[in-house]
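Peer 1: Got a sequence here, can you build the structure:
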Amino acid sequence: MTHKALPLLLLALAVGGVWAIRRQQTHPPAQPPLVMAATLADAAAHPEPPGTGPLLEALRSDLQVHRQLIVLFADESALKGAERERALAVGHRLHHERRDLVHQLNGALTRLAALPAAQRDPVVGALLDWMEADPELLELDRLAFRDSLRVLQKSLRQDTTPEGVRLNRRLARDLAEADRVEALVEAEYQRVFGGPGHPAQGGQRERWNAYVADLQHRLPLDTLLKGAAIPSPAAGLAGSGEIDGTGLPAKVLVLSFDDGPHRVYTEEIKAILEKEHVPALFFEVGRNLGAQDASGRIKLGPLAAFTEDLVKGGFVVGNHSYTHAQLSKETGAPLDLEIRETDQLLRAIPGAHSQLFRFPYGARTPLQLQALEAYHLRSVLWNIDSLDWADPVPSSVADRVLKAIAHEQRGIILFHDIHDRAGKVLPVLIPKLRAEGYTFAGLDTEGKLRLADRP
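Peer 2: Numbering: from 1, shown residues only. From the prediction side, this is the model:
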């Protein structure tokens with residue numbers, strides 16, 4: 001995008017955003033996340049400004065997926081067997097689509113924050129006006145906005161101009177409001193189900209249940225379950241040499257984090273792990289790290305610095321494909337490209353390359369496993385899923401993990417460092433599990449168990 005075209009785009013964003021949040025009639029349905037991801041990518045790559053406010057529409061689309069995931073897993077305890085697999089399959093499809101959207105959205109918000117205040121502030125103000133005052137939003141919808149607010153806050157933190165200070169104060173107020181709402185649903189969850197040091201008192205989750213009921217009225221579950229599905233993770237394929245966590249020694253746990261690095265949360269999770277002296281695996285998506293041009297030259301992006309910091313901290317980084325595609329549907333050159341580009345990007349970061357690979361969603365067949373052999377990569381799965389990508393309530397995420405560990409007694413735990421939930425539950429989970437006799441271990445760059453827990 002040219003410098004001349006960028007102010008036109010931002011003006012269109014501001015005008016479109018302000019118009020959208022001030023109109024009184026009902027909003028049209030949110031655009032599908034993949035449509036909005038493509039719109040943002042196109043806006044960044046072409047000088048022609050769009051005629052509406054794509055950032056606002058992208059946030060609306062992200063909220064819609066957030067709501068859909070809550071409806072999908074609202075009655076999680078009742079999901080058994082095939083019903084649970086179906087819900088997970090649809091949830092993984094939604095997560096896949098949301099990842100593409102958020103990848104573009106975070107980049108757009110970061111570029112927006114770097115513009116002069118005169119171009120930046122009307123657009124950011126329109127987005128915040130919508131989050132704060134749109135009559136169609138529900139109180140608990142604020143849980144969906146935290147990630148975008150944190151990206152904006154980090155990007156604007158160094159702006160000490162009067163305009164920047166005012167904007168940072170407003171962002172802080174909006175994040176504090178999200179914290180207030182989260183504290184309400186957290187307290188409600190712990191009152192009903194208990195938690196570390198908090199015995200259950202029974203009752204109902206009135207606030208949460210009312211939110212879910214409203215969403216179920218707007219988004220019927222039957223309609224969601226009709227969506228095309230990405231297969232849920234399968235158990236390790238016999239004789240494949242995959243690592244899935246079930247073969248670890250008793251009372252040994254390995255933490256793993258997918259889909260990063262992230263502008264905010266990767267660094268925060270790394271700090272928690274270092275403070276607790278816990279090793280971990282980070283499976284990273286190549287397009288977050290950079291790109292390869294037509295001549296084969298690697299160009300690392302800003303987020304690659306977080307990967308380099310992870311390696312310097314002693315953490316092991318693995319390949320999670322280039323675009324987080326469903327690789328079980330890929331063969332030939334497209335499959336090879338998904339593996340090879342991230343492999344080469346990781347080689348370009350000092351110390352980051354390893355022999356560990358994680359298939360997005362665990363979706364693979366013997367054909368995809370065979371494709372790893374050319375790169376001497378080994379598939380690493382998990383047997384304990386936090387579902388942090390679908391659950392915005394930290395206490396609920398922690399409870400799910402603890403129950404799964406009690407059942408499995410060992411394993412690889414799946415978290416994501418593109419959300420804030422892992423950073424909130426780890427300070428609770430780590431000391432509790434150590435007190436119960438569990439050891440946190442790691443894998444080395446070849447996939448061998450590395451017992452390195454140091455309480």
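
Peer 1: switch to C-alpha atoms for all contacts and neighbour counts from now on
Peer 2: OK.

Peer 1: and residue 399, how many neighbours?
Peer 2: 19 (other Cα atoms under 10 Å).

Peer 1: Now do the contacts for it.
Peer 2: residue 195 (Cα atoms under 8 Å, 6 or more residues apart in numbering).

Peer 1: Spell out the residue ranges of the strands in the stretch 301-450 of the chain.
Peer 2: 316-319, 356-357, 378-379, 384-385, 411-416, 439-443, 449-450 (DSSP state E, counting those that start in this stretch).

Peer 1: In JSON lines: those, plus distance to residue 100, mean pLDDT and mean neighbour count.
Peer 2: Shown next, in JSON lines, are the strands of the stretch 301-450 of the chain (distance: least, Cα to Cα, whole Å; pLDDT from 0 to 100; neighbours: other Cα atoms under 10 Å):
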{"stretch": "strand 316-319", "distance to residue 100": "18", "mean pLDDT": "98", "mean neighbour count": "29"}
{"stretch": "strand 356-357", "distance to residue 100": "20", "mean pLDDT": "98", "mean neighbour count": "26"}
{"stretch": "strand 378-379", "distance to residue 100": "23", "mean pLDDT": "96", "mean neighbour count": "23"}
{"stretch": "strand 384-385", "distance to residue 100": "21", "mean pLDDT": "96", "mean neighbour count": "21"}
{"stretch": "strand 411-416", "distance to residue 100": "15", "mean pLDDT": "98", "mean neighbour count": "25"}
{"stretch": "strand 439-443", "distance to residue 100": "29", "mean pLDDT": "97", "mean neighbour count": "23"}
{"stretch": "strand 449-450", "distance to residue 100": "33", "mean pLDDT": "94", "mean neighbour count": "14"}
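
Peer 1: out of these, nearest to residue 91?
Peer 2: Closest approach to residue 91 among the strands of the stretch 301-450 of the chain (Cα to Cα): strand 384-385, 13.0 Å.

Peer 1: Poorly predicted segments of this protein, please.
Peer 2: Along the chain, segments meeting pLDDT under 70 span 1-26, 46-52, 227-240, 452-455.

Peer 1: could the strands of the stretch 301-450 of the chain be laid out in a markdown table, adding distance to residue 90?
Peer 2: Putting the strands of the stretch 301-450 of the chain into a markdown table (distance: least, Cα to Cα, whole Å) gives the following:
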| stretch | distance to residue 90 |
| --- | --- |
| strand 316-319 | 24 |
| strand 356-357 | 24 |
| strand 378-379 | 23 |
| strand 384-385 | 16 |
| strand 411-416 | 18 |
| strand 439-443 | 31 |
| strand 449-450 | 33 |
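
Peer 1: Quick check: which of these is nearest to residue 115?
Peer 2: Using Cα to Cα, the strands of the stretch 301-450 of the chain put strand 411-416 closest to residue 115, at 29.9 Å.

Peer 1: Enumerate every residue touching the residue lying closest to residue 94 once chain neighbours are set aside.
Peer 2: Excluding the flanking residues, the one nearest residue 94 by Cα to Cα, 6 or more residues apart in numbering is residue 65, at 6.6 Å. Residues in contact with residue 65 (Cα under 8 Å, 6+ apart) are 33, 94, 98.
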